[in-house]
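Asks: output the structure for:
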Amino acid sequence: MTAAAPLKLVLISRRYPPLIGGAERVLGYLAEALAREGADVAVLTSAVGEAARLPAREEFDQPRSRGGGRLVVHRLPTSPLRFVGTWLYMRNLTRWLKANPVDLAYVSMLKHDAHAALGVAARRGFPVVLRPEGAGDTGDVAWQRKGNFGARIARRCKQADAYIAISRPVRAELTAAGYDADRIHDVPNGAPVPSRPWQRREGWRDAPRAVFVGRLAPEKNLHTLLRAWRIVRGTFPKAKLVLIGEGPERPALASLADELSLGADALAMPGATEDVEAELRAADLFVLPSTEEGMSIALLEAMAVGVPVVASAIPGNRRLIVDFKHGRLAPPDSANGLAAAIVEQWSNFDRAFHMSRAARGRVEREFSIRAVARRHLQLFHDVIARRRSDQGNGV
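Replies: Modelled structure (predicted):
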């Protein structure tokens, strides 16, 4: 009996590792996991920034749980110029989709990439699944209301075969914006679970270290974290905060650090990293003070590694953290409240350690990238079968 051909999936994201951000890491983890599960995965992304120095086509070997499956990243030519770059990338994305076999396209964000993929799909007949990356003022639906050509892109996005909602706020916004609720599927983000859990450092109390991982952006609420840090150092005078990431808030944060007298012994902003796990293992606490999150991949990664956490008590974080069970939740608008939660985690470190083990166990059960990839594959097969049935019936 002839084995079924591997599913030919195209994952589309304008940014992809080594460009580091939450959405990029999610797509990177998912692409690798889908390939391990036997799919042939082609990632289409732009050759911009650091990626412009990488090969235009790069194939990665993946350990496979069964026959077939590979991962190839295609970095499509573009330009650093804003509008010219978008036009070039969309043109090259369209050309690739027209010229290569595709069973299904999975697109990150309800923006230009989705518009281009749906345009080709309408002519070639393959299904498209769209993935909004967030909710709130910085989310995809908000962008469609405010962005250039947003309304036009929204109309086409509503023709997609299915949508992934990584959180309840994302589902609610899609529904309120007129997307078909029957085509919205609740699938969370996933993270790899390392085989070796985090261990506390010898002598950590002498100079405890907390880390944030993410974009240095307004919604991450890092100004509140810096103000909280000055309070934390009243109890732990040698405590150091490390902000891992890049973003538009870097100059303002540096200025605030000077104002608060947070010198190099108190605060470091080393930029982005490709090895998030190593930064988490070197820390004694992970802190996420955001005012908006869909489902934070950085928080999932910290939980999976097993480092103690403090996160803001917003809906996206409460989806992952039960207060005093998996970590501590703090009010997002209070430097005093955030500082108190951090100090409490370090002052009751045995309890924090046990909460971190419970958090790791939760990720293993509910949010491992392997389980999430399998849920995606089941949805993809269902969508493809439904599309073929509709085509056979002349729909």
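Asks: quick check: closest non-adjacent residue to residue 271.
Replies: residue 246 (5.7 Å; Cβ to Cβ, 6 or more residues apart in numbering). C-beta coordinates here come from the backbone N, C-alpha and C atoms, glycine included.
Asks: how about the one you found, phi and psi?
Replies: Note on residue 246: its backbone torsions stand at phi -130, psi 160 [degrees, to the nearest 10].
Asks: how many neighbours does it have?
Replies: 18 (other Cβ atoms under 10 Å).
Asks: ok, it - contacts?
Replies: Contact analysis of residue 246 by Cβ atoms under 8 Å, 6 or more residues apart in numbering lists 20, 215-216, 271-272.
Asks: and if we set it to 10 Å?
Replies: 19-21, 214-217, 269-272 (Cβ atoms under 10 Å, 6 or more residues apart in numbering).
Asks: longest helix of this protein?
Replies: When the chain is parsed with DSSP state H, its longest helix is helix 369-392.
Asks: so where's the stretch 251-395 of the chain uncertain?
Replies: Scanning the stretch 251-395 of the chain with the threshold set as pLDDT under 70 gives 392-395.
Asks: now the residue nearest to residue 94 when sequence neighbours are not counted: phi and psi?
Replies: Nearest non-adjacent residue to residue 94, counting by Cβ to Cβ, 6+ apart: residue 116, 5.2 Å away. Dihedral pair for residue 116: phi -70, psi -50, per degrees, to the nearest 10.
Asks: my guess is residue 116 contacts residue 97. True?
Replies: Yes - if you go by Cβ atoms under 10 Å, residue 116 and residue 97 touch, sitting 7.5 Å apart.
Asks: shared neighbours of the two, anything?
Replies: Contacts common to residue 116 and residue 97, judged by Cβ under 10 Å, 6+ apart, are 12, 44, 105.
Asks: neighbour count and distance to residue 284 added to those residues, as TSV?
Replies: Shown next, in TSV, are the shared contacts of residue 116 and residue 97 (neighbours: other Cβ atoms under 10 Å; distance: Cβ to Cβ, whole Å):
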residue	neighbour count	distance to residue 284
12	26	39
44	26	40
105	28	43
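Asks: just name the closest of these to residue 259, please.
Replies: The nearest member of the shared contacts of residue 116 and residue 97 to residue 259, counting by Cβ to Cβ, is residue 12 at 42.5 Å.
Asks: correct me, but the closest one touches residue 27?
Replies: Yes - between residue 12 and residue 27 a contact is recorded at 9.1 Å, counting by Cβ under 10 Å.
Asks: which residues do the two both contact?
Replies: 43, 45, 106, 108, 131.
Asks: for those residues, work out which two are farthest apart.
Replies: 45 and 131 (14.3 Å).
Asks: need the helices for the chain, in chain order.
Replies: So, for the chain - with DSSP H - the helices run 22-36, 82-99, 112-124, 140-146, 150-157, 168-176, 222-235, 250-259, 276-281, 297-305, 315-318, 335-347, 349-362, 369-392.
Asks: out of those helices, deepest packed?
Replies: Across the helices of the chain, averaging neighbours per residue (mean count of other Cβ atoms under 10 Å) puts helix 297-305 on top, at a mean of 28.
Asks: can you give me how far that one is from the chain middle?
Replies: Distance of helix 297-305 from the chain centroid (Cα atoms, centre = their mean, to the nearest Å) equals 11 Å.
Asks: touching, residue 342 and residue 287? I think so.
Replies: Yes - applying Cβ under 10 Å as the test, residue 342 and residue 287 come out as touching, 6.6 Å apart.
Asks: what's the separation between the residue lying closest to residue 197 once chain neighbours are set aside and residue 25?
Replies: Of all residues not flanking residue 197 in the chain, residue 306 sits nearest, at 3.9 Å (Cβ to Cβ, 6+ apart). According to Cβ to Cβ, to the nearest Å, residue 306 and residue 25 sit 18 Å apart.
Asks: now residue 211
Replies: 15 Å.
Asks: thinking again about what came up before, and the two most separated of the contacts of residue 246?
Replies: Between any two of the contacts of residue 246 (Cβ to Cβ), the greatest distance is 18.1 Å, for 19 and 269.
Asks: picking that back up, return the angle between stretch directions for the longest helix of the chain and helix 297-305.
Replies: Angle of helix 369-392 versus helix 297-305, following axes from the mean of the first three to the mean of the last three Cα atoms, to 10 degrees, is 130 degrees.
Asks: what helices and strands are in contact with helix 369-392?
Replies: Helices and strands touching helix 369-392, by 3 or more Cβ pairs under 10 Å, 6 or more residues apart in numbering; DSSP states H and E, are strand 8-12, helix 22-36, strand 104-108, strand 128-131, strand 162-165, strand 184-186, helix 297-305.
Asks: just the CA coordinates for the third one, please, in PDB.
Replies: In this case it means strand 104-108. What follows is strand 104-108 as a C-alpha-only set of coordinates in PDB (Å, rounded to 0.1, in the frame of the first residue of the first chain):
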ATOM      1  CA  LEU A 104      -2.800  24.700   2.800                       C
ATOM      2  CA  ALA A 105      -1.500  28.200   3.700                       C
ATOM      3  CA  TYR A 106      -1.300  29.300   7.400                       C
ATOM      4  CA  VAL A 107      -0.700  33.000   7.700                       C
ATOM      5  CA  SER A 108       0.400  35.000  10.800                       C
END
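Asks: what strands line up against that strand, and which way round?
Replies: strand 8-12 (parallel), strand 128-131 (parallel) (DSSP bridges).
Asks: distance from that strand to the middle of the chain?
Replies: 15 Å.
Asks: averaged pLDDT, that strand. What do you get?
Replies: For strand 104-108, mean pLDDT is 98.
Asks: that one vs helix 82-99, what angle?
Replies: Going by the same axes, to 10 degrees, strand 104-108 makes 160 degrees with helix 82-99.
Asks: also the last one?
Replies: Using the same axes, to 10 degrees, the direction of helix 297-305 lies 60 degrees away from that of helix 82-99.
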